[in-house]
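> Dropping the sequence and predicted coords here.
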Amino acid sequence: MTEEGSWRSSLWRGALVPSLITMVISIPVGFLVRESAGLAASLLASVTVIIFFSVHLIVARISRSLDPASTMLVAMLSYFLKVALMAIFLILVTRLTAPESIDRPTFAVISLALTFSWLAGEIRAFLRLRPGLDSRQ
């Protein structure tokens with residue numbers, strides 16, 4: 001594996017591991033708090049957040065060889081598409097499912113917890129990959 005590929009996989013793994021730990025904890029908690037609706041919300045939130053953030057790393061991998069202007073265009077386009085698709089997804093979930101089947105507050109809390117754990121893991125992995133970063137510059 002190239003150094004670039006190793007760097008990208010380390011970054012993805014660094015973000016995924018804390019998210020999976022959070023997911024493993026949140027699924028039973030969601031079930032204990034809200035029973036089957038909490039379980040469904042926990043599972044849906046877990047899948048949604050992990051896919052949403054994995055797309056970012058895939059786009060970064062695809063755009064690594066582009067010039068800066070094209071990279072910015074791809075990044076902005078992917079961000080816009082992710083937000084639009086997330087909005088459509090959330091509208092569909094709220095319109096097509098009953099609150100008794102997917103608990104909305106559980107979905108929100110677990111989505112936030114997973115988002116924070118993913119971002120914390122990604123930041124931590126990035127900082128570990130950049131040990132020579134001089135903060136005095």
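Structure's in. What do you need? Residues are numbered from 1 along each chain as shown.
> neighbours of residue 100, just the number please.
Using other CB atoms under 10 Å, residue 100 has 11 other residues around it. In this view, the C-beta of every residue, glycine as well, is placed from N, C-alpha and C.
> Apologies, that question was intended for residue 61.
15.
> Which helix or which strand is home to it?
helix 3-62 (DSSP states H and E).
> I'd say residue 29 and residue 42 touch.
Yes: contact status for residue 29 versus residue 42: in contact at 7.5 Å, counting by CB atoms under 8 Å.
> Please identify which of those two sits among more neighbours.
Under the criterion of other CB under 10 Å, the comparison of residue 29 against residue 42 puts residue 42 first, with 28 against 16.
> ok, now which ones touch that one?
23, 26-27, 29-31, 106-107, 110 (CB atoms under 8 Å, 6 or more residues apart in numbering).
> Let me have these in TSV, extended by distance to residue 89 and pLDDT.
Output for the contacts of residue 42, formatted as TSV (distance: CB to CB, whole Å; pLDDT from 0 to 100):
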residue	distance to residue 89	pLDDT
23	18	94
26	19	94
27	20	94
29	23	94
30	19	93
31	22	94
106	17	93
107	11	92
110	15	94
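> could you dump these to a markdown table with distance to residue 13?
A markdown table is the format used below for the contacts of residue 42 (distance: CB to CB, whole Å):
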| residue | distance to residue 13 |
| --- | --- |
| 23 | 15 |
| 26 | 20 |
| 27 | 21 |
| 29 | 24 |
| 30 | 25 |
| 31 | 27 |
| 106 | 27 |
| 107 | 26 |
| 110 | 22 |
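> Looking at those, which is nearest residue 98?
residue 107 (13.2 Å; CB to CB).
> Number of residues surrounding that closest one?
24.
> Quickly find the element holding it.
helix 104-129.
> Can you flag the buried ones in the contacts of residue 42?
23, 26-27, 29-31, 106-107, 110 (16 or more other CB atoms under 10 Å).
> ok, those vs residue 76, which is closest?
Taking the buried ones among the contacts of residue 42 together and measuring to residue 76 by CB to CB, the closest member is residue 107, at 27.6 Å.
> Figure out the helix or strand that residue 80 lives in.
Using DSSP H and E, residue 80 falls within helix 68-96.
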